[in-house]
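J.: Return atomic coordinates for the entry below.
(chains A and B)
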Protein chains: 2
Amino acid sequence: MRVPKHIGIIPDGNRRWAVNVGLSKEKGYDYGLRPGLDMFRLCKEAGVQEITYYGFTTDNTKRPKEQTKAFTKACIKAVEMLSNEDASLLVVGNINSPKFPKELKHYTKRRKFGEGDIKVNFLVNYGWHWDLENLFSYSQGGRKSKANIMEHIYTSDISRVDLIIRWGGRRRLSGFLPVQSIYADFYVIDDLWPDFKPEHFHEALKWYDSQDITLGG
Amino acid sequence: MRVPKHIGIIPDGNRRWAVNVGLSKEKGYDYGLRPGLDMFRLCKEAGVQEITYYGFTTDNTKRPKEQTKAFTKACIKAVEMLSNEDASLLVVGNINSPKFPKELKHYTKRRKFGEGDIKVNFLVNYGWHWDLENLFSYSQGGRKSKANIMEHIYTSDISRVDLIIRWGGRRRLSGFLPVQSIYADFYVIDDLWPDFKPEHFHEALKWYDSQDITLGG
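T.: Predicted coordinates:
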């Protein structure tokens, strides 16, 4: 079986899940923590080399305060949980903003935890526009540079994504790593993220195995 | 019905279609011309304001010569066909390369044909990397610029895409306008592009109407 080297995870549907079970929207995020850990372990077992979690974006921070507080707290908890696993962990996002939680600042340089054999990236206060803005600083004497874009975006330490799995039924990237996702295969699961089941992962891997890879060629 | 303002069209599957009907791969492209014109007319009728066709990419030009010749020829024909319609037409791609057909050079500034009431963009020798390279030239005295990325990529005359329709079953963007596609909803049709049917368009529009728009908020 052809296993993706790098999986991007868009864990959508926490708020819809909360409303469905009679909770207020912001209560949903905590129920996404366990799925995140389950996914990590499944990826590790399957031999995936890198995972990127879509934590929260600069766009998301425009939501009502009780929601932004709740998802920020859940992201902090998620990163702390992952730091108890064997992972080479990196938190990436715009740290020059009050929306970036100070608790996560010391994760913004990649660090090994335990065996550290799997790269785990966690996007926190990430923005696609912010990510690409870094390119503006690589002009070479006003002339157009032929520099490699992958190397000069803010998320240059995150590799090309092979497979993106999105929970919650929406078929869009919503700003997730536009450069690394150029050739990614995109698998959408209708179930909401807190309803995560290991079968979702297995289905996605099976589907991925049936795709060809052309990289545009 | 909520109609997308801007539809991106990824007309994939010409070569698979040709092989299925017993032709050699490069013969498939000509059978994609009629569907392209049908789509244009359907979009116009439905009140879509802008369409972008994924012609060919710089990646695609690495294919065998008989194929690159055939798809280049088909793109020239397609643009000529569209210039007989009421369209405000623009061909965009890397013109500083021998792969860019000279026949299309005079379409690289937007021009009105007929009533010109619908914007039609046709990507020819387009590359996502090429598109973003233009950002390197907007450094402001070595300091990071807060300039708007949409305004400084090579395809700045192409608006945000609302709905991308891809034929041929593959669930990936393959480098299609990464910046404009950030929030696009992505609809995949399993049929191959030469098997285009108006129902595909109607299904896609119906599906789009059932989606919410959050723009990440």
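J.: Tell me where chain A has strands.
T.: A:6-10, A:50-57, A:87-92, A:111-113, A:119-126, A:163-167, A:185-189 (DSSP state E).
J.: so who does the nearest residue to A:F176 once chain neighbours are set aside touch?
T.: Closest residue in space to A:F176, ignoring its immediate chain neighbours: A:Y54 at 5.5 Å, by C-beta to C-beta, 6 or more residues apart in numbering or on different chains. (Glycine included, C-beta is placed from N, CA and C.) Applying C-beta atoms under 8 Å, 6 or more residues apart in numbering or on different chains, we find A:Y54 in contact with A:G8, A:I9, A:I10, A:P11, A:L123, A:Y126, A:S174, A:F176.
J.: which of these count as buried?
T.: Taking 16 or more other C-beta atoms under 10 Å in any protein chain shown as the criterion, what is buried in those is A:G8, A:I9, A:I10, A:P11, A:L123, A:Y126, A:S174, A:F176.
J.: Is it correct that the fifth one is in contact with A:F100?
T.: Which is A:L123. No - at 11.3 Å, A:L123 does not count as touching A:F100 under the criterion of C-beta atoms under 8 Å.
J.: so what sits against both of these two?
T.: Contacts common to A:L123 and A:F100, judged by C-beta under 8 Å, 6+ apart, are A:G93.
J.: neighbours around A:R2, how many?
T.: 11 (other C-beta atoms under 10 Å in any protein chain shown).
J.: thinking again about what came up before, mind putting the buried ones among the contacts of A:Y54 into CSV with distance to B:M1 and pLDDT?
T.: Putting those into CSV (distance: C-beta to C-beta, whole Å; pLDDT from 0 to 100) gives the following:
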residue, distance to B:M1, pLDDT
A:G8, 32, 98
A:I9, 33, 98
A:I10, 27, 98
A:P11, 31, 98
A:L123, 35, 98
A:Y126, 34, 98
A:S174, 23, 96
A:F176, 28, 98
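J.: what pLDDT does the closest residue in space to A:L192 that isn't next to it in sequence get?
T.: Leaving aside its chain neighbours, A:L192 sits nearest to A:G13 (3.1 Å; criterion: C-beta to C-beta, 6+ apart). Note for A:G13: predicted pLDDT of 97.
J.: what's the neighbour count on A:D190?
T.: 11.
J.: Dihedrals phi and psi, it?
T.: Dihedral pair for A:D190: phi -70, psi -30, per degrees, to the nearest 10.
J.: got a list of what it touches?
T.: Here A:D190 is in contact with A:G168, A:G169 (C-beta under 8 Å, 6+ apart).
J.: how about low-confidence regions in chain A?
T.: A:138-146 (pLDDT under 70).
J.: Show me where it has its helices.
T.: Secondary structure of chain A, counting by DSSP state H: helices at A:14-20, A:33-46, A:65-82, A:128-133, A:149-152, A:198-209.
J.: Surely A:K197 is in contact with A:I189?
T.: No - contact criterion C-beta under 8 Å: A:K197 and A:I189 do not qualify, at 9.2 Å.
J.: okay, which residue is most central for chain A?
T.: Nearest residue to the geometric centre of chain A (C-alpha atoms, centre = their mean): A:Y53, 2.3 Å.
J.: Tell me the buried residues in stretch A:158-169?
T.: Quick answer for stretch A:158-169 (16+ other C-beta under 10 Å): A:I158, A:S159, A:R160, A:V161, A:D162, A:L163, A:I164, A:I165, A:R166, A:W167, A:G168.
J.: With adjacent residues omitted, what lies nearest to the third one?
T.: Nearest residue to A:R160, sequence neighbours excluded (C-beta to C-beta, 6+ apart): A:Q180, at 5.2 Å.
J.: what do you get for A:E66?
T.: Going by C-beta to C-beta, 6+ apart, A:E66 has A:E26 as its nearest residue, at 4.8 Å.
J.: Could you do A:H200 as well?
T.: Using C-beta to C-beta, 6+ apart, the closest residue to A:H200 is A:I189 (5.0 Å).
J.: got a list of what the residue nearest to A:Y208 when sequence neighbours are not counted touches?
T.: Excluding the flanking residues, the one nearest A:Y208 by C-beta to C-beta, 6+ apart is A:L163, at 4.9 Å. Residues in contact with A:L163 (C-beta under 8 Å, 6+ apart) are A:P4, A:H6, A:I7, A:G8, A:A184, A:D185, A:Y187, A:A204, A:L205, A:Y208.
J.: Roughly how far does A:K102 sit from B:K105?
T.: When distance is defined by C-beta to C-beta, to the nearest Å, A:K102 is 54 Å away from B:K105.
J.: separation between A:P35 and chain B?
T.: According to C-beta to the nearest C-beta, to the nearest Å, A:P35 and chain B sit 21 Å apart.
J.: Tell me which of A:K197 and A:I189 has more neighbours.
T.: Ranked by neighbour count (other C-beta under 10 Å), A:K197 and A:I189 place A:I189 first, with 22 against 12.
J.: if I pick the more buried one, what's in contact with it?
T.: Neighbours of A:I189 in contact, by C-beta under 8 Å, 6+ apart: A:I165, A:R166, A:W167, A:G168, A:G169, A:H200, A:E203, A:A204.
J.: Next up, the contacts around the first one.
T.: If you count contacts by C-beta under 8 Å, 6+ apart, A:I165 has them with A:I7, A:G8, A:I9, A:I10, A:Y187, A:V188, A:I189, A:H200, A:F201, A:A204.
J.: Pretty sure the third one sits against A:V48.
T.: No - with contact defined as C-beta under 8 Å, A:I9 and A:V48 do not form a contacting pair (10.7 Å).
J.: hang on, the earlier thing: which of the buried ones among the contacts of A:Y54 lies closest to chain B?
T.: A:S174 (5.3 Å; C-beta to the nearest C-beta).
J.: Quick check: phi and psi at the closest one.
T.: phi 50, psi 40.
J.: does it really touch B:D185, like I thought?
T.: No - with contact defined as C-beta under 8 Å, A:S174 does not reach B:D185; the gap is 10.2 Å.
J.: Which single one of the buried residues of stretch A:158-169 is nearest to A:N20?
T.: Minimum separation from A:N20 among the buried residues of stretch A:158-169 (C-beta to C-beta) is found for A:G168, which lies at 11.7 Å.
J.: tell me which residues in stretch A:89-105 are buried?
T.: If you call a residue buried by 16+ other C-beta under 10 Å, then stretch A:89-105 has these buried ones: A:L89, A:L90, A:V91, A:V92, A:G93, A:N94, A:K99, A:F100, A:P101, A:L104.
J.: what's the most distant pair in these?
T.: Distance extremes for those: the farthest pair is A:L89 and A:K99 at 20.4 Å, using C-beta to C-beta.
J.: so who does the residue nearest to A:T58 when sequence neighbours are not counted touch?
T.: Sequence neighbours aside, A:G127 is the residue nearest to A:T58 in space, at 3.7 Å (criterion: C-beta to C-beta, 6+ apart). By C-beta under 8 Å, 6+ apart, the residues touching A:G127 are A:T57, A:T58, A:D59, A:G93, A:N94, A:G175.
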